[in-house]
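Participant: Make a model of this:
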Amino acid sequence: MEAAVKVAACAVTAAVLAVVLKKNTPELAMLLVLAAGLWILNLTARGLGAVTDLMGELTRLAGVSEVLMEPVLKIVLLSVLTRLTGEICRAAGEGGIAAFVETAGTVLALVVALPLVRAVVELMGSILL
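Facilitator: As a prediction, the model looks like this:
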């Protein structure tokens, strides 16, 4: 809960300052937004470690190979990175680049998911035979 309050306070402060700065120095406003975003990501990264630990524990309890869970985590991180990068590009007025980033993120997510798809197909094949 404390982290959520910090995130909200930082986001509102950065947004208000960015609006003021955008009138005279839009480049500085963009840097402020990026700095605030990086601080927020750093703050929330600690929570991601707890989620990763829990997923590892659940994987062991279920008897599932950690190799199968790795693509899931990678895809989640990839989607967060793609979303943030696209929004930063849009905020900078580069919607075209944002679209390319999102397309690349989708393709990369599919590539990362290939081992998981292969494992599911092999499992289905072993069940059917």
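Participant: Can you pull the phi and psi angles for A109?
Facilitator: In this entry, A109 is assigned phi and psi values of phi -60, psi -40 (degrees, to the nearest 10).
Participant: now swap in P26 and tell me
Facilitator: phi -60, psi -30.
Participant: roughly how far apart are it and L32?
Facilitator: 10 Å (C-beta to C-beta, to the nearest Å). The way it works is simple: take the backbone N, C-alpha and C, and place the C-beta from them, glycine included.
Participant: Which helix or which strand is home to the most centrally placed residue in the chain?
Facilitator: For the chain, the residue nearest the mean C-alpha position is V80 (1.6 Å; C-alpha atoms, centre = their mean). Using DSSP states H and E, V80 maps to helix 66-91.
Participant: other SSEs contacting the helix or strand of the chain with the lowest mean pLDDT?
Facilitator: Least confident helix or strand of the chain, by mean pLDDT, DSSP states H and E, is helix 26-62 with a mean of 86. Helix 26-62 sits against helix 2-24, helix 66-91, with contacts defined as 3 or more C-beta pairs under 8 Å, 6 or more residues apart in numbering; DSSP states H and E.
Participant: which one of those is the most hemmed in?
Facilitator: helix 66-91 (a mean of 16; mean count of other C-beta atoms under 10 Å).
Participant: Per-residue pLDDT of the nearest residue to A36 once chain neighbours are set aside, please?
Facilitator: Excluding the flanking residues, the one nearest A36 by C-beta to C-beta, 6 or more residues apart in numbering is A14, at 3.5 Å. Model confidence at A14, given as pLDDT, is 91.
Participant: measure K23 to L32 for me?
Facilitator: 13 Å.
Participant: scratch that, G63
Facilitator: Taken as C-beta to C-beta, the span from G63 to L32 is 48 Å.
Participant: which one of those two has more residues nearby?
Facilitator: Neighbour totals were compared for G63 and L32, and L32 leads with 19 against 6 (other C-beta atoms under 10 Å).
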